[in-house]
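Colleague: Could you work out the structure for the sequence below:
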Amino acid sequence: MTSFDKPAASPTSPTSPVSPDSPSPDGSSGLDGDTKTVTEAALFEAFGGLRGMVETVLPGLLFVTIFTVNKDLHTSAIAALAVSLLLVVVRLVRRDTVKHAFSGVFGVAFGVVFAMMTGNAKDFYLPGMLYTLGLALAYIITTLAGVPLIGLILGPIFKENLSWRTRNPGRKKAYAKASWAWGLILLAKCAILFPLYWWGDTTQFGWVLIALKIPPFLLAVYLTWVFLAKAPAPIDVFAEMEAEEQAEKERKAARAAAAAETGERPAPRHRK
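Modeller: Sure thing, here's the model as predicted:
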């Protein structure tokens, strides 16, 4: 077995301070305020927090604002791409995590290419819409397959990796609920945007898309927090591995000490 799916330590061991299936006396999941705080921090890290949301919205907001004013596709596209690159530079200078900013640059770059190739300003948003649709399907399909995507995303952040699949059924159920929430919310967003893309006015479509950037995201993050806050605590597989390594070192030291002690004893005399 791998470290992800090995049998769990006893519920009272240091590496598994909370049994995955043992409720507290009041019937709750047994999680304390610290665990909920850790859950909030993990979600903040995974989805970029307030700064990540700003970096997601700002390029598109700049694009639609400029296009609304002067109807100039090239100026709008170049401005959006420039601000995306500026956000990456700022993060690099500050030595911050750049994954969210980089993903924003790639999204904007694809949108600029699409819009420039077709000459249609609405195509600036098309790659992002297709990505949203694909992500919604990924959440639903992985959940139906028994490996909900949100668990794959958050597992490493919680230091549980894939242990929730076989060792923590309550947590797997929470991840499944959260993935369903993400999938259905994103599908609902697509159901609004795609008809507008085909039949709506370019400027109005852009403002509706900007308006739908943050609220669905916040709703999905909130529901994820609710489901995980009520779920059993994650199993820290890294702590388990460290404990096993320490125990193995202690066993080796004990065997070495026993061998040294045996070797120092005088050999028994043979009676005639």
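Colleague: contacts and neighbour counts: CA atoms only from here.
Modeller: Will do.
Colleague: all helices for the stretch 1-150 of the chain, in order.
Modeller: Remark: helices assigned in the stretch 1-150 of the chain by DSSP state H, counting those that start in this stretch are 33-47, 49-70, 73-94, 99-118, 126-144, 149-154.
Colleague: Figure out which of the ones you listed is closest to A243.
Modeller: A243 sits nearest to helix 33-47 of all those, at 21.1 Å, using CA to CA.
Colleague: in which helix or strand would I find the closest residue to A220 other than its chain neighbours?
Modeller: Spatial nearest neighbour of A220, excluding adjacent residues (CA to CA, 6 or more residues apart in numbering): W182 at 5.5 Å. Using DSSP states H and E, W182 maps to helix 169-199.
Colleague: In contact with L61, which residues?
Modeller: For L61, the contact set (CA atoms under 8 Å, 6 or more residues apart in numbering) comprises 207, 210.
Colleague: what about stretch 231-247, distance to the chain center?
Modeller: Chain-centre distance of stretch 231-247: 20 Å, with CA atoms, centre = their mean, to the nearest Å.
Colleague: Over to stretch 148-155?
Modeller: Distance, centroid of stretch 148-155 to centroid of chain: 6 Å (CA atoms, centre = their mean).
Colleague: Give me the buried positions along that stretch.
Modeller: Neighbour-count burial for stretch 148-155, counted by 16 or more other CA atoms under 10 Å, picks out 148-152, 154-155.
Colleague: what angle do the helix or strand that the helix holding W182 is followed by and helix 49-70 make?
Modeller: Downstream of helix 169-199, the first helix or strand assigned by DSSP H and E is helix 202-211. Inter-element angle recorded for helix 202-211 and helix 49-70: 170 degrees (by axes from the mean of the first three to the mean of the last three CA atoms, to 10 degrees).
Colleague: Off-centre distance for helix 202-211?
Modeller: The answer for helix 202-211 is 27 Å, by CA atoms, centre = their mean.
Colleague: buried sites along the following helix or strand past it?
Modeller: The C-terminal neighbour of helix 202-211 among helices and strands, as given by DSSP H and E, is helix 215-229. Of the residues in helix 215-229, 216, 220-221, 223-225, 227-229 count as buried by neighbour count, 16+ other CA under 10 Å.
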